[in-house]
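Peer 1: My questions are about this predicted structure, shown below with the sequence.
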Amino acid sequence: MTTRRRIGILTGGGDVPGLNSVIKSVVYRATELGDEVIGIRRGWEGLTHLQFNPDADPHYVVGLNRTNTRTIDRTGGTWLHTSRTNPKKMKLSAVPAWIEPEKVAAWTTDDGVIDLTQLVLDNIARLGLDVLVTIGGDDTLSFSRVLFDEGVSLVAIPKTMDNDVAGTEYCIGFSTAITRAKELINRQRTTLGSHERIGVFRIFGRDAGFSALYTAYVTSARCVIPEAPYDLDRLAEVVAADREANPSRYAVVVTAEGAIWKGAHMQDVGEADMFGHRHKANVGEALATELRARTGIESVASELTYDLRSGEPDALDAMVATTYANIAMDLLRDGVTGRMMAIRDGKYAHTELPAAGTKARRVEVPDMYNEERFRPRYEGKLGDPMLLVGVGGGVAAGV
């Protein structure tokens, strides 16, 4: 006989295609194992804002079963909804009004933020959760590590279109983002050619250039990435030459949102979220303006950002998401917790949860990127993992 467990599952941070495949697969596998699954809505907010009284908002917790999750994997986004709540760094304005002032004072840190970790722990206990499955990027995963260190049994699944989580070669959402970027760029080629323009495509990538690099890899475009500040005059020269050599007289360059040229001072804009992140100024518009000034060629900027995280997952993301979920359930079945699902050396694996401050993966320059030609490197790939780079490059990954 086995004891029926109550499993909580949540998605945190930005949404990506494939999250619903994880949720459904966890529910289906849990049903086979005789476990119960409780969905925590709106990410970590569900565990900071949940009230246990008859008048409380009932929408933070939902029971999950084969019926209500049967078709959710056919769509993108997250059926459980999400937020960028960071329980360790809550602003006073974001703290639930019903929390007693004396507790708020006790949980206020020297930095002036409120740490609601204890409240999250209390709510996990009140919900009777035996284990937690968390799905997210660096910030969600780092708080997962905080909870694990506090004694919470959990497993985690990495997702981010940037594909930069330490310890894994692949994060859910990456393949769909590249697939969608390729489709969008190829669709705009006719317009660029009709007007003989330079097309600048801005893509996600605050600190890591994987999304821009792999988009360039499959579209034969030039690209610029955060890891390699570049010579703007040289880029203008190369792109103008591309246009001249193209019978359709257009050229394409993909820029990560965090890529800047030497001497540039692009500022972050807007209010910081709970993880301290602010939006990057629109480098696509800025780069198009600079290229136009240097080449005399009409240059236009297009946003390839939120389109990349919308819609259903592609086949690879659906497959990886489903497999990650089932590996997570295998681990829970065997009593193993505190691990993150991963792909290492092209194989499914699991690794330690990244702690706060763990450095994210970065594109290895010059192994993967040719700075002189603003191109991915296509040569010398024999023996590489399918996704071209292993976790050994520039990361602190435990086994």
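Peer 2: Yep, it's here. Remember, predicted model here, so these are calculated numbers, not experimental data.
Peer 1: Number of residues surrounding residue 327?
Peer 2: Close neighbours of residue 327, defined as other C-beta atoms under 10 Å, add up to 18. For every residue, glycine as well, the C-beta is placed using N, CA and C.
Peer 1: by contact count, what packs against the helix or strand harbouring it?
Peer 2: When elements are assigned from DSSP states H and E, residue 327 belongs to helix 315-333. Helices and strands touching helix 315-333, by 3 or more C-beta pairs under 8 Å, 6 or more residues apart in numbering; DSSP states H and E, are helix 19-33, strand 154-158, helix 174-195, strand 339-344, strand 347-352.
Peer 1: Pick the most buried one from these.
Peer 2: Mean neighbours per residue, mean count of other C-beta atoms under 10 Å, is largest over these for strand 154-158, with a mean of 28.
Peer 1: quick one: that strand to strand 347-352, angle?
Peer 2: Interaxial angle, strand 154-158 versus strand 347-352 (axes from the mean of the first three to the mean of the last three C-alpha atoms, to 10 degrees): 130 degrees.
Peer 1: Give the pairing partners of strand 154-158; include direction for each.
Peer 2: strand 131-136 (parallel), strand 339-344 (parallel) (DSSP bridges).
Peer 1: Let's have the helices and strands packed on helix 315-333 in a markdown table, adding distance to residue 98 and mean pLDDT.
Peer 2: Below are these laid out as a markdown table (distance: least, C-beta to C-beta, whole Å; pLDDT from 0 to 100):
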| stretch | distance to residue 98 | mean pLDDT |
| --- | --- | --- |
| helix 19-33 | 29 | 97 |
| strand 154-158 | 26 | 98 |
| helix 174-195 | 39 | 97 |
| strand 339-344 | 33 | 96 |
| strand 347-352 | 36 | 96 |
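Peer 1: can you count the residues close to residue 300?
Peer 2: Residue 300 - counted by other C-beta under 10 Å - has 18 other residues nearby.
Peer 1: element containing it, please.
Peer 2: In this structure, residue 300 sits in strand 299-304 according to DSSP H and E.
Peer 1: helices and strands around that strand, which ones?
Peer 2: Where contact means 3+ C-beta pairs under 8 Å, 6+ apart, strand 299-304 is packed against helix 174-195, strand 198-203, helix 283-295.
Peer 1: Contacts made by it with the rest, please.
Peer 2: Residues from elsewhere that reach strand 299-304 (C-beta atoms under 8 Å, 6 or more residues apart in numbering): 180-181, 184-185, 188, 192, 197-203, 215, 254, 282, 284-285, 287-289, 291-292.
Peer 1: contact partners of the helix holding residue 327?
Peer 2: By C-beta under 8 Å, 6+ apart, the surrounding residues in contact with helix 315-333 are 5, 7, 16-19, 21-26, 29-30, 33, 73, 131, 133, 155, 157, 170, 172-176, 313, 337, 339, 341, 343, 348, 350.
Peer 1: can you check stretch 64-80 too?
Peer 2: Residues from elsewhere that reach stretch 64-80, judged by C-beta under 8 Å, 6+ apart: 9-11, 15-21, 23-25, 27-28, 31, 37-42, 62, 176, 309-313, 318, 322.
Peer 1: Tell me which of the helices and strands packed on strand 299-304 lies nearest to residue 261.
Peer 2: helix 283-295 (7.6 Å; C-beta to C-beta).
Peer 1: on that earlier part again, buried sites along the helix holding residue 327?
Peer 2: Across helix 315-333, burial judged by 16 or more other C-beta atoms under 10 Å covers 316-318, 320-329, 331-332.
Peer 1: quick revisit: can I get the strands paired with strand 154-158 in TSV with distance to residue 246?
Peer 2: Shown next, in TSV, are those (distance: least, C-beta to C-beta, whole Å):
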stretch	distance to residue 246
strand 131-136	41
strand 339-344	37
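Peer 1: Minimum distance to residue 106: which of those has it?
Peer 2: Nearest of these (C-beta to C-beta): strand 131-136, 24.5 Å.
Peer 1: who does the helix or strand following the closest one touch, helix- and strand-wise?
Peer 2: Sequence order places helix 138-149 as the next helix or strand after strand 131-136, per DSSP H and E. Packing partners of helix 138-149 (3+ C-beta pairs under 8 Å, 6+ apart): helix 117-126, strand 131-136, strand 154-158.
Peer 1: could you check the angle helix 138-149 makes with the shortest one?
Peer 2: Computed with the same axes, to 10 degrees, the direction of strand 154-158 lies at 170 degrees from that of helix 138-149.
Peer 1: Now do strand 154-158 against helix 315-333, angle only.
Peer 2: Inter-element angle recorded for strand 154-158 and helix 315-333: 170 degrees (by the same axes, to 10 degrees).
Peer 1: change the start of the numbering to 728 and stick with it
Peer 2: Sure, I'll start numbering at 728, so the last one becomes strand 881-885.
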